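*Asks:* I need the structure of the sequence given here:
(chains A and B)
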Amino acid sequence: MITKLNHVSIFVLNQDSAYEFYVNKLGFKVHTDAPMGPGMRWLTVCPPEQPDLEITLMAIVDGMMFKDGAAEQMKDLVKKGTFGFGVFECNDLNATYEELKGKGVIFRKPPTKEFYGYEALFVDDSGNWFSLGQKNDN
Amino acid sequence: MAFWGIFQERSLGNSCNPKKRQFNNKVMAKNYPKIYLYKRIVQAKLFIDDHFNDDIDLNNIADEAYFSKFHFIRLFKKIYGHTPHQYLTKVRIENAKSFLQRDISVTETCFAVGFNSVSSFTGLFKKITLLTPSAYQLKIKNRQEQIKKIPFHFIPNCFLEQKAWSQKSNFEEVL
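*Replies:* Sure, this is the predicted structure:
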């Protein structure tokens, strides 16, 4: 019986820049930051109140599951904003929107009342987008 | 103090007359758009994030704020899930963790994050993290050394069998 999701990957164009975005802008906590040799780094972060879900910030590099030019194709797709990797939650969307916008996070959609709830959409430094909703709003 | 400035509303004045102030509060609460309230609370939160190491006296906010102390605390708690005081403590402890991770001594960390007494810092740290600062520091140090020595132990096998990572042929065996 599967009980939990404990790792999930987000493909990023640059791990240093992703660190800056997820840790310094979103306020996520670094779980593991392990250099694995030249050009390889295992970097995982957790949302502040979810220490048991590690988000792996995976660099898109040749040879690691990407071959025959797949890495370049993947990078292009990420840059184009093809991928929406998830829905984050906060206590209060208006306040979180104000704070993140002030820190330079780009929003594709400001907080908006939709039929399914109150939602905003933001983009990370690579081009991945996320929905942001608020607690008890489902 | 800068923190109070966030809440000051000079255009309507901060009257010493409680009745007049109450009236002003009501007028403003009615006239200001909701988003403006959010901005003030967010600024207060960011102020704590930036000045956690200063001697912030959260109790004095009410005197300078255009909304009452209780209104402010209630809104802050609604938005962040903690009172300003609880949030300040949380930010200090989180920062203490990152100081300790960088091998800075417990005493130095205590004062660097805004606490005035090592014993109360240690007590609070233990209450929140269940470890004393020195035990936490030791635990992190050991983990960091382990990561350096055997990084593969910290990575789920599915991603990177040691062989796959080093030979750059990940996932082929599975496919």
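
*Asks:* in chain A, which spans are helices?
*Replies:* Under the criterion DSSP state H, chain A contains helices at A:15-19, A:70-79, A:93-102.

*Asks:* Just say which of these is most tucked in.
*Replies:* helix A:93-102 (a mean of 21; mean count of other CB atoms under 10 Å in any protein chain shown). C-beta here means a position set from N, CA and C on the backbone, and glycine is covered the same way.

*Asks:* could you say what helices and strands that one packs with?
*Replies:* strand A:106-114, strand A:117-123, strand A:129-134, helix B:34-51 (3 or more CB pairs under 8 Å, 6 or more residues apart in numbering or on different chains; DSSP states H and E).

*Asks:* what's the closest of the ones you listed to A:Asn24?
*Replies:* Among the helices and strands packed on helix A:93-102, the nearest to A:Asn24 by CB to CB is helix B:34-51 (11.2 Å).

*Asks:* elements contacting the closest one?
*Replies:* Using 3+ CB pairs under 8 Å, 6+ apart: helix B:34-51 touches helix A:93-102, helix B:2-7, helix B:69-80, helix B:84-101.

*Asks:* Could you identify which of the ones you listed is most buried?
*Replies:* helix A:93-102 (a mean of 21).

*Asks:* pLDDT-wise, which helix or strand of chain B ranks last?
*Replies:* helix B:2-7 (a mean of 42; mean pLDDT, DSSP states H and E).

*Asks:* Run a quick neighbour tally on A:Gln50.
*Replies:* Using other CB atoms under 10 Å in any protein chain shown as the criterion, A:Gln50 is surrounded by 13 other residues.

*Asks:* Next, count neighbours for the residue in chain A that chain B sits nearest to.
*Replies:* In chain A, no residue comes nearer to chain B than A:Gly63, which is 3.5 Å away by CB to the nearest CB. Number of residues near A:Gly63 (other CB under 10 Å) recorded here: 16.

*Asks:* Next one: A:Trp42 from A:Gly63, what distance?
*Replies:* When CB to CB, to the nearest Å is the yardstick, A:Trp42 and A:Gly63 sit 15 Å from each other.

*Asks:* which intervals of chain A have sub-threshold pLDDT?
*Replies:* Residue ranges of chain A with pLDDT under 70: A:64, A:137-138.
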